[in-house]
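Asker: when you get a sec, could you give me coordinates for this:
(one chain, ligands or ions: 1)
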Amino acid sequence: MSNGKDPTALEVMKRLENFLTRSSGLPFCAECLAHEAGIGVDRARRALVELRQTLGRLRAERRWCARCLRWEEVFSVETA
Ligand SMILES: [Zn+2]
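Answerer: Coordinates of the predicted model:
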């Protein structure tokens with residue numbers, strides 16, 4: 001399922017950060033974030049590990065995902 005462009009790791013992190021910031025306060029699992037960013041879930045997980053080191057407001061916890069409603073490890077950005 002290639003769309004012809006392979007986003008760089010930095011681009012992936014930016015997409016995830018943008019989406020989480022837009023959806024501020026809402027938690028999403030790695031699978032839903034991968035879908036939003038148009039990437040595979042493995043890449044999303046790796047990017048989220050990186051993002052947690054650079055984006056202090058990024059929280060990870062076990063909760064319901066706001067989108068697929070599964071109990072999962074979810075990621076959210078706290079409201080400023
Ligand atoms: Zn989800």
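Asker: leaving out chain neighbours, which residue sits closest to residue 61?
Answerer: Spatial nearest neighbour of residue 61, chain neighbours left out: residue 74 (6.5 Å); criterion: CB to CB, 6 or more residues apart in numbering. For every residue, glycine as well, the C-beta is placed using N, CA and C.
Asker: phi, psi of that neighbour?
Answerer: The phi/psi pair for residue 74 (degrees, to the nearest 10) reads phi -120, psi 160.
Asker: residues in contact with it?
Answerer: If a contact means CB atoms under 8 Å, 6 or more residues apart in numbering, then residue 74 has 27, 28, 29, 60, 61, 62, 63, 64, 65, 66 as its contacts.
Asker: now, of those, which are buried?
Answerer: Buried members of the contacts of residue 74, counted by 16 or more other CB atoms under 10 Å: 27, 28, 29, 63, 65.
Asker: which among those residues are in contact with the ion?
Answerer: The subset of the buried ones among the contacts of residue 74 within reach of the ion, by CB under 5 Å from the ion, is 29, 65.
Asker: and the contacts of stretch 61-68?
Answerer: Outside stretch 61-68, the residues within contact range by CB under 8 Å, 6+ apart are 23, 26-29, 31-32, 70-74, 76.
Asker: in strands, which of the contacts of residue 74 appear?
Answerer: Among the contacts of residue 74, the members falling in strands (DSSP state E) are 28, 29, 60, 61, 62, 63, 64.
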